[in-house]
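In: fold the following, please.
(2 chains)
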There are 2 protein chains.
Amino acid sequence: MKLLSPDELETALRDIGARRYHRLHPFHHLLHGGKCTKGQVQAWALNRYYYQAMIPVKDASLIARCTDADIRREWRRRMVDHDGTQPGEGGIARWLKLTDGLGLDRDYVTSLAGILPATKFAVDAYVHFVAEKTLLEAIASSLTEMFSPVIISERMAGMLANYDFITRETLSYFDKRPPQAQRDADFALNFVKRDARTPQQQQAVLAALEFKCSILWSMLDALYHAYVSPGHVPPGAFVPEDR
Amino acid sequence: MKLLSPDELETALRDIGARRYHRLHPFHHLLHGGKCTKGQVQAWALNRYYYQAMIPVKDASLIARCTDADIRREWRRRMVDHDGTQPGEGGIARWLKLTDGLGLDRDYVTSLAGILPATKFAVDAYVHFVAEKTLLEAIASSLTEMFSPVIISERMAGMLANYDFITRETLSYFDKRPPQAQRDADFALNFVKRDARTPQQQQAVLAALEFKCSILWSMLDALYHAYVSPGHVPPGAFVPEDR
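Out: Below is the predicted model:
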């Protein structure tokens, strides 16, 4: 292991994204390319809701172990983005507009009764990672946001063009996200470039981003297996009406 | 919710097993029926190794929160079963005989480098569950052992009959397990029948067993998706030579 310059570290992080980010997953090609049934889009939105719902919990657990007020203040913006300042605002509420628009019952969505166990295990693994690893690794695990503006623009264009049950209004979550994600990714990237000062720390940063990519990837693997491959919905999970 | 008698609780637990235990999973039908390639059997043994390796950690975390010496002593037997009394003994060492016999490099297996992320997330979810839930729920989550003697006898007969790369020696793990599992399951079942005294506690016991079934099920879903469905091995995971 050799010490990378900050720019070499950034290059190595971008290389992980180019190879492992879930934009490359077959489920996303189906989703964006208009090849999903409505039931498959419902399953995706239902499962992804749990990820959205846990993001502020993950962010709070990061802040809870941070002794630097500057970082706490900066990171708190993420909680505002997701939870809003009053009921009905913020990213989670906007995600529920998507599940509403897809015809899913809101109580059913928020009950989590129909999500895939694999979704729960993956999201919980992310929450535990952030709570248990170093602050540097916890911050590095957020760096998938470096790659999210591109996937979000592909997703909006593809879904609006291909699905008559999707409207700009139901996709309002994605309208708001790119500038937030860009700001958050810039902060986190600058932090790890500045604070990963040994080869060991840099390797931990790279491993944290790989870990996070594997979270997002395994969520789509589980969706693909359950809802694209025929006959594999696990016991108790959501069964689309069009199936 | 009504209060169940101890025998009604046992009936409800056995009903969960009849509907959700991974004996019903398509991957097990392939594995036991001789329909797996050697590479698929390798992938199964490699991934299941992580489950085996974490069982004593899970059991120690249960003992760590238990103030009753009788239960601690009883539960400690499980650690002896899995870790043995010296190097080379115990269930984990016997599992490595299986991976050895399948031609997998032992350092590669124990490094965990090739396991599916979904395997890691599922096993870790089980470890966290046992560490974080009530002692009653932690004990109840072990109750899949009520159903394991049957699956183990099916597995041994099916694998010995169908695969020329499997010998009785490589399956020595399964030779030892049924009496241990029976003893452990009897203890845990008697414990929950005696200690789940309210409808809420009984529902928590039932939910704990459903949770554990979903752990085992999702591990096989991930194997099936990666190694039976064509073309879905996630980035970085084991790739069999016969693929």
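
In: so which bits of chain A are right by chain B?
Out: A:19-20, A:26, A:116-118, A:120-122, A:124-125, A:128, A:210, A:213-215, A:217-218, A:221-222, A:224-226, A:229, A:231-232, A:234-236 (C-beta under 8 Å from any C-beta of the partner chain). (Each C-beta comes from the backbone N, C-alpha and C, glycine too.)

In: which of those are buried?
Out: Among these, the ones that count as buried by 16 or more other C-beta atoms under 10 Å in any protein chain shown are A:20, A:116-118, A:120-122, A:124-125, A:128, A:210, A:213-215, A:217-218, A:221-222, A:224-226, A:232, A:234, A:236.

In: what's the spacing between the closest residue to residue A:103 other than its chain neighbours and residue A:101?
Out: The spatially closest residue to residue A:103, leaving aside those adjacent along the chain, is residue A:42, at 7.2 Å (C-beta to C-beta, 6 or more residues apart in numbering or on different chains). For residue A:42, the distance to residue A:101 (C-beta to C-beta, to the nearest Å) stands at 10 Å.

In: so which of these two has more stuff around it?
Out: Neighbours were counted for residue A:42 and for residue A:101 using other C-beta atoms under 10 Å in any protein chain shown; residue A:42 has more, 24 against 16.

In: centre of the chain to the strand or helix carrying that one, how far?
Out: For residue A:42, the element it lies in under DSSP states H and E is helix A:38-63. Chain-centre distance of helix A:38-63: 7 Å, with C-alpha atoms, centre = their mean, to the nearest Å.

In: other residues contacting stretch A:49-57?
Out: Here stretch A:49-57 makes contact (C-beta atoms under 8 Å, 6 or more residues apart in numbering or on different chains) with A:78-79, A:82-83, A:91-92, A:95-96, A:99, A:109-110, A:112, A:115, A:119-120, A:123-124, A:126-127, A:219.

In: kindly recompute the last result at 6 Å.
Out: With contact meaning C-beta atoms under 6 Å, 6 or more residues apart in numbering or on different chains, stretch A:49-57 is reached by A:79, A:82, A:83, A:92, A:95, A:109, A:112, A:115, A:119, A:123, A:127.

In: helix/strand/coil for residue A:3?
Out: Of the three states, residue A:3 takes coil under DSSP: H, G, I helix; E, B strand; the rest coil.

In: list the contacts of it.
Out: For residue A:3, counting by C-beta under 6 Å, 6+ apart, the contacting residues are residue A:199.

In: what does the pLDDT read for it?
Out: On pLDDT, residue A:3 comes in at 97.

In: need phi/psi at it.
Out: Backbone torsions for residue A:3, taken as degrees, to the nearest 10, come to phi -70, psi 130.

In: dihedrals phi and psi, residue A:116?
Out: Taking degrees, to the nearest 10 as the convention, residue A:116 sits at phi -70, psi 140.

In: can you verify my assumption that it contacts residue A:223?
Out: No: in this structure, residue A:116 is not within contact of residue A:223 by C-beta atoms under 6 Å, at 7.2 Å.

In: how many residues are close by residue A:28?
Out: Residue A:28: 21 surrounding residues under other C-beta under 10 Å.

In: run through chain A and note the low-pLDDT ranges.
Out: Counting by pLDDT under 70, chain A has low-confidence residues at A:243.

In: and the helices in it?
Out: Secondary structure of chain A (DSSP state H): helices located at A:6-20, A:26-32, A:38-63, A:69-83, A:90-101, A:106-111, A:117-132, A:135-140, A:148-162, A:172-195, A:199-227.
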